[in-house]
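Student: my questions concern the predicted model and sequence given below.
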Amino acid sequence: MKIRMHNARIFESAGDSGNGIAPSSFCGISGFFQGVPRCGLRLGVFLPLVLSGLFFASPRAFASGAVDFFDSGMAKQNKEDYYGASEDYQQALQANPSYGDAWFRLSEVTYAVGDYSLALTYLESAEKFAKNRTEIQNLRGMIYISLGRLDDAKKVFTDIIRTNPNNIDARFGLAEIDLFSGSFSGARQLYLDALKRQTNNRKALLSLALLSAEMGNFDATQTYIEQALKFHSGDAEVHYLAAYLSARRGDYQEAERRARAAVQIDGSFSKAYVLLANILFSQKRYDDTIDICSYLISKNRKTSEAWYLKGLSEMRRGESGKAVTTWSGGLDENPQDEMMRAALELAVAKSVPIEDSRRSGWASYHVQKARDYGKVFMGEESRYEYQRALKVDPNNMEARAEFAELLSRSGLDELYLQQLKFIKSSMKPSSEKPTRRENIVNYTIEAYESLMKYSLSSEWNVDPFYLDKVRWNIGVYYVSSPSRMVHTDGEEVVTGMISDIFGGIATTSVVIHNGAVSGYSEAYRLARKSKLDYFVIVGVEETEREISMDAKVYSGRTGTETDSLNYFRTGNDRFASILRAFRRDVLGMLPVRGKIIRRSVNDIVVDLGFVEGMKENAVLDVVKAGKIQTVDMGRGVRFDEKDSLGTITISKVGEEISQGVLEQNGFYDRVNVGDEVLVRVLPEDGGENAGAISDTSPAAGEDGDRILPAERKKLDANELGIVKTPLVLDLIRGIR
């Protein structure tokens, strides 16, 4: 007879039996689902250890209710209620601080929720009461991997194998290190070594199936999955991963059959229900998808993916109102689901009237984040959140006033005045005398209008807010992924958000295609047909804790690759962080480009000002209108020498326009209003707010190299101290 925990079969690993918690391939580290082992003990091993006092726990553990708390924690851990289990284990430890098994399980669930440093602390406490336990060392190695300490982890697993050559868990740990390092072949060999020692090892078979699919060897994938189904036909997770792999290769009929088998075997297997809903959604069976999602929500309202997928299905049925309501409810339960929030906001922009009172509530999330960022002087983040709030709720005058103050502090007085006038126009005149707020707004407007009388715009009678500054046209496309485990059709949401956040950039126009493209050739055809300067193909990979985005930038004229942008973020606000970085990097490769809007003899006015980084003594090339082209390959622009008309040296800089002196090329005057300008020389002594405006305007010179300073240093994942988990590794770690 066997005690079964987490639906996993338990048996001792060869060479390490009879010493407490069985370190088999289905116990300890090897059985992790979301990083938590599902394991148990042979009753024949468990009882003698308890009676002899050699079990992991102290005999005191079975007094004062500690064992009851421990059992309750195990039950919750089995259901993946890690926070509830953590509370119970801590209660057990209050009753008996020497309860080693409780320390170990507490470390496991803490590891599962991603608090790796604390998990290591708990594990060290467990080790005080059970020296030299292989399951403790295996968990230590896994924690080291998650902390990015790969060398330390490798030493731990190598030491285990040196003393216990048949330990399978240690081989699984070494395989994960290889996967982190990108050595798929090395990981495959380690899983094969484990399979030699246990020919029906469930985790080894499933890991090899997933890894083979990642390496493109689908025949091997099918072989390993069939073996797993043969040996473990009654295991829900085997059917679940078989369904995922079938869906990945587009066989939705087989995928549905396997997913239904998984939920029939284990009716509480929520991930299998979510996968089934995704499979049905991929077949455009939206009614069935909604039914399953509604069932999941009724069982656990925190199932974020169910809310998201239900709303997406309603959007596909043309029921945008229902989708907005669904997503709003989902965000009430899971406010940190950024992808669902983005989907909601895109839907709101298209279908919800401006006057709808719900907009204020949706915008309040961004307003609070903007205030929080402002407290720690994170200007770019604060501006982004205010912009998002005003996109959602343009009539939110409180947010608009705070955003106006932020603009004023950045030296953008004309934009500040524009915002104040908008606020005034929205105020309902008081029937009696003006309120204090109305007086403050009116007096401030009067003061700034007085100052603007002496501005460059007033001098040349130019209304800067009617200038057409669009110089760059960019297309953004995506290829649909059939195997997304989190946020189905997330690529569509990402491209929609990219278009949305570029909406406030006066110099760029971003267009998106309605739906996925088949690949590069279709994207290039569409971009060239639309005469776009550049086009971007976006790819998104996401897990429950991480998101990465790859963006290939191509010339819309020649189709050659211009740049490759890669982003990876984890933790809170990861999606917003990637969007901001992408916008900043795209603007950083676009040359600052304007045109002549006024001329009086050799005094020239161009539509480039402080917001585009202009400074006194900057030198601009004047190029005949329509003759600037992107280079054939790489970044930057070019023009023929015969189309070079002269240079302008900037003498006065306004917020939106600048004035300079023309020095023409040749004897004849060929410079006209409408001719274009590019930055040839930009003085290095920038103003204090130069970085603040470089995330809202192109920032490169003629050669495509950045000339405006970035507000922050660009950091990669290594410098940030974070380690990207390959998607296949995340799936393998999830095997129970």
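Tutor: Okay, I see it. In this text, all values refer to a predicted model and were calculated from it rather than measured experimentally.
Student: what's opposite the residue nearest to H513 when sequence neighbours are not counted in the beta bridge?
Tutor: Using C-beta to C-beta, 6 or more residues apart in numbering and skipping the chain neighbours, the partner closest in space to H513 is Y477 (5.3 Å). Placement of C-beta: from N, CA and C, glycine included. Legend: beta-bridge partners of Y477 under DSSP bridges are I537.
Student: wait, Y477 touches Y534, no?
Tutor: No - between Y477 and Y534 there is no contact under C-beta atoms under 8 Å: 11.4 Å.
Student: about what we covered before: how much space between the residue nearest to H513 and T495?
Tutor: Computed as C-beta to C-beta, to the nearest Å, the Y477 to T495 distance reads 7 Å.
Student: list the residues that contact both of these two?
Tutor: 512, 538 (C-beta atoms under 8 Å, 6 or more residues apart in numbering).
Student: who has more neighbours, these two?
Tutor: Between Y477 and T495, counted using other C-beta atoms under 10 Å, the more crowded position is Y477 (26 against 22).
Student: which stretch of helix or strand covers G559?
Tutor: G559 belongs to no helix or strand when assigned by DSSP states H and E.
Student: which residue ranges of the stretch 351-500 of the chain form strands?
Tutor: Along the stretch 351-500 of the chain, the segments classed as strands by DSSP state E, counting those that start in this stretch run 472-478.
Student: for it, what spans make up the helices?
Tutor: Taking DSSP state H, counting those that start in this stretch, the helices of the stretch 351-500 of the chain run over residues 358-375, 379-392, 397-409, 413-426, 436-452, 456-459, 490-501.
Student: what's the closest of these to E663?
Tutor: When the helices of the stretch 351-500 of the chain are compared for distance to E663 using C-beta to C-beta, the nearest one is helix 456-459, at 20.4 Å.
Student: what mean pLDDT does the closest one get?
Tutor: Helix 456-459 shows a mean pLDDT of 92.
Student: now do the buried residues in that helix.
Tutor: 456-457 (16 or more other C-beta atoms under 10 Å).
Student: ok, now stretch 318-335?
Tutor: Judged by neighbour count (16+ other C-beta under 10 Å), stretch 318-335 contains these buried residues: 319-320, 322-324, 326-328, 330-331, 334.
Student: between the residues you listed, which sits nearest A236?
Tutor: Nearest to A236 among these: N334, at 24.9 Å, using C-beta to C-beta.
Student: residue contacts, the closest one?
Tutor: 302, 304, 307, 340.
Student: closest to F70 among those residues?
Tutor: When the contacts of N334 are compared against F70 (criterion: C-beta to C-beta), the nearest one is K302, at 25.0 Å.
Student: which non-adjacent residue is nearest E345?
Tutor: Closest residue to E345 apart from its sequence neighbours, by C-beta to C-beta, 6+ apart: V392 at 5.6 Å.
Student: pLDDT score for the residue of the chain positioned farthest from its centre?
Tutor: Farthest-out residue of the chain from its mean C-alpha position, per C-alpha atoms, centre = their mean: F667, at 56.5 Å. For F667, the model assigns a pLDDT of 83.
Student: if I look at it, how far off is E338?
Tutor: From F667 to E338 the distance is 60 Å (C-beta to C-beta).
Student: cool, and H487?
Tutor: From H487 over to E338 the distance is 9 Å, taken as C-beta to C-beta.
Student: excluding sequence neighbours, find me the nearest residue to V324.
Tutor: A347 (5.3 Å).
Student: what's that neighbour sitting at in phi/psi?
Tutor: Dihedral pair for A347: phi -70, psi -40, per degrees, to the nearest 10.
Student: follow-up on the earlier one: which residues are in contact with the residue nearest to E345?
Tutor: Shown in contact with V392 (C-beta under 8 Å, 6+ apart): 345, 348-349, 359, 362-363, 366.
Student: if I've got this straight, R598 is in a strand?
Tutor: Yes - counting by DSSP: H, G, I helix; E, B strand; the rest coil, R598 is part of a strand.
Student: bridging residues for it?
Tutor: If you apply DSSP bridges, the partners that R598 bridges to are V605.
Student: V673 is in contact with that one, correct?
Tutor: Yes - the criterion here is C-beta under 8 Å, and R598 meets it with V673 at 6.9 Å.
Student: the two: which is more packed in?
Tutor: R598 (16 against 12).
Student: how much space between the more buried one and Q659?
Tutor: In terms of C-beta to C-beta, R598 sits 8 Å off from Q659.
Student: list the residues that contact both of the two?
Tutor: Contacts common to R598 and Q659, judged by C-beta under 8 Å, 6+ apart, are 460, 604-605.
Student: phi, psi for I290 please.
Tutor: Per degrees, to the nearest 10, the backbone of I290 is at phi -60, psi -40.
Student: how much space between it and A347?
Tutor: 16 Å.
Student: can you give me the strands for the stretch 551-700 of the chain?
Tutor: Residue ranges of the strands in the stretch 551-700 of the chain, as given by DSSP E, counting those that start in this stretch, are 561-570, 593-600, 603-606, 619-623, 629-630, 637-638, 644-653, 658-664, 676-681.
Student: in the first one, what counts as buried?
Tutor: What that stands for is strand 561-570. Across strand 561-570, burial judged by 16+ other C-beta under 10 Å covers 562-563, 565, 567-570.
Student: so which of the residues you listed comes closest to G646?
Tutor: Among the buried residues of strand 561-570, T562 lies closest to G646 (C-beta to C-beta), at 28.8 Å.
Student: that closest one against Y534, yeah?
Tutor: Yes - counting by C-beta under 8 Å, T562 touches Y534, with 6.2 Å between them.
Student: now do the shared contacts for those two.
Tutor: The contact sets of T562 and Y534 overlap at 553-555, 630 (C-beta under 8 Å, 6+ apart).
Student: are any of those residues buried, and if so which?
Tutor: 553-555, 630.
Student: helices of the stretch 101-250 of the chain, residue ranges please.
Tutor: Applying DSSP H, counting those that start in this stretch to the stretch 101-250 of the chain gives helices spanning 116-128, 134-146, 150-163, 168-180, 184-197, 202-214, 218-231, 236-248.
Student: list the buried residues for the strand or helix carrying D71?
Tutor: Per DSSP H and E, D71 falls inside helix 66-78. Buried residues in helix 66-78, defined by neighbour count with 16+ other C-beta under 10 Å: 66-67, 69-70, 72-74, 76-78.
Student: pick the one among the buried ones among the shared contacts of T562 and Y534 closest to A112.
Tutor: Nearest to A112 among those is V553, at 38.4 Å by C-beta to C-beta.
Student: which ones are touching that closest one?
Tutor: 534-536, 561-565, 586, 589.
Student: who does it bridge with?
Tutor: V536, D563.
Student: so for it, what's the pLDDT?
Tutor: 97.
Student: what confidence value was assigned to G173?
Tutor: Per-residue pLDDT puts G173 at 93.
Student: tally of neighbours for it?
Tutor: By the criterion of other C-beta under 10 Å, G173 has 28 neighbours.
Student: surely it touches T158?
Tutor: No - counting by C-beta under 8 Å, G173 sits too far from T158 to count as a contact (9.6 Å).
Student: quick one: the closest residue in space to E546 that isn't next to it in sequence from N278, how far?
Tutor: Distances taken as C-beta to C-beta, 6+ apart put T570 closest to E546, at 4.6 Å, once the chain neighbours are dropped. Distance from T570 to N278, counting by C-beta to C-beta: 23 Å.
Student: what does G626 give?
Tutor: Relative to N278, and taking C-beta to C-beta, G626 is found at 48 Å.
Student: neighbour count for these two, which is higher?
Tutor: Each of G626 and N278 has its neighbours counted (other C-beta under 10 Å); N278 has more, 28 against 10.
Student: OK, contacts around that one?
Tutor: Neighbours of N278 in contact, by C-beta under 8 Å, 6+ apart: 247, 309, 484, 488.
Student: biggest separation within those residues, which pair?
Tutor: A247 and L309 (14.0 Å).
Student: which of these two has more neighbours?
Tutor: L309 (28 against 24).
Student: packing partners of the strand or helix carrying that one?
Tutor: Element membership of L309 [criterion: DSSP H and E] is helix 304-316. If contacts are counted by 3 or more C-beta pairs under 8 Å, 6 or more residues apart in numbering; DSSP states H and E, helix 304-316 sits against helix 270-282, helix 286-299, helix 320-333, helix 338-351.
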